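Q: requesting a structural model of the entry that follows:
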Amino acid sequence: MDQVLNKVGTYWFSKKANKELSSVGDDINSMSSSIEGGAKWLVNKIKGKIQKPLPELLKEYDLPVGIFPGDATNYEFNEETGKLTVFIPSICEVGYKDSSVLRFSTTVTGYLEKGKLADIEGMKTKVMIWVKVSAISADASKLHFTAGMKKTRSREAYEVRRDGVIVDKF
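A: Reported below is the predicted structural model:
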């Protein structure tokens, strides 16, 4: 009987240990992905490259600060190629005061030029159905979204940063 109880106890203990180790592994993976953006910022700071806040970068390129959710703060920007990668903590939607809605994946990429974000991946807008946004261009008072077709919206609606509402899927 002792041998049976010993085997059952060993089996139960090993299952419990495997579950805990798996949980620790998941926690480490989650933590490393959230630390990644901060680590890159720290490395750039050590190298003497201090990264501007995302709203400042967007203003510098004549784009409204509200085209990304308020919690999108980590990003990578290659000044030579213009490639911008914005990291968003979770898939979310942002509603704007002109009743438009943008949906964001956890990573949004595109190429930043004066007044324009082109070749966008990871952003959709609702035009009766969800449609992939491929470019955003700006002029003094309007934003032009290319999403299958070109849609012009008031720039004023995107001048304020707004929080995203978490959604299940992109």
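Q: for this structure, just list every one of the strands.
A: Secondary structure of the chain (DSSP state E): strands at 74-77, 83-87, 92-95, 101-113, 116-127, 129-132, 135-138, 142-147, 149-154, 165-166.
Q: Leu57: which of the ones you listed is closest?
A: Among the strands of the chain, the nearest to Leu57 by Cβ to Cβ is strand 74-77 (6.4 Å). All C-beta atoms are positioned from the backbone trio N, CA, C, and that covers glycine.
Q: now do that closest one: which elements does it pack against?
A: helix 2-46, helix 54-60, strand 83-87 (3 or more Cβ pairs under 8 Å, 6 or more residues apart in numbering; DSSP states H and E).
Q: partner strands of it, parallel or antiparallel?
A: Strand pairing for strand 74-77, determined by DSSP bridges: strand 83-87 (antiparallel).
Q: got the CA positions of the strand it pairs with in CSV?
A: Extracted C-alpha coordinates of strand 83-87, given in CSV (Å, rounded to 0.1, in the frame of the first residue of the first chain):
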residue,chain,number,x,y,z
LYS,A,83,9.4,52.6,-40.9
LEU,A,84,7.3,53.1,-37.8
THR,A,85,6.2,50.2,-35.6
VAL,A,86,3.8,51.0,-32.7
PHE,A,87,3.2,48.5,-29.9
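Q: ok so, going back, dump the strands of the chain to JSON lines, plus mean pLDDT and distance to Asp62.
A: Putting those into JSON lines (pLDDT from 0 to 100; distance: least, Cβ to Cβ, whole Å) gives the following:
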{"stretch": "strand 74-77", "mean pLDDT": "93", "distance to Asp62": "15"}
{"stretch": "strand 83-87", "mean pLDDT": "96", "distance to Asp62": "14"}
{"stretch": "strand 92-95", "mean pLDDT": "92", "distance to Asp62": "20"}
{"stretch": "strand 101-113", "mean pLDDT": "95", "distance to Asp62": "9"}
{"stretch": "strand 116-127", "mean pLDDT": "93", "distance to Asp62": "9"}
{"stretch": "strand 129-132", "mean pLDDT": "90", "distance to Asp62": "23"}
{"stretch": "strand 135-138", "mean pLDDT": "93", "distance to Asp62": "6"}
{"stretch": "strand 142-147", "mean pLDDT": "90", "distance to Asp62": "11"}
{"stretch": "strand 149-154", "mean pLDDT": "76", "distance to Asp62": "16"}
{"stretch": "strand 165-166", "mean pLDDT": "84", "distance to Asp62": "28"}
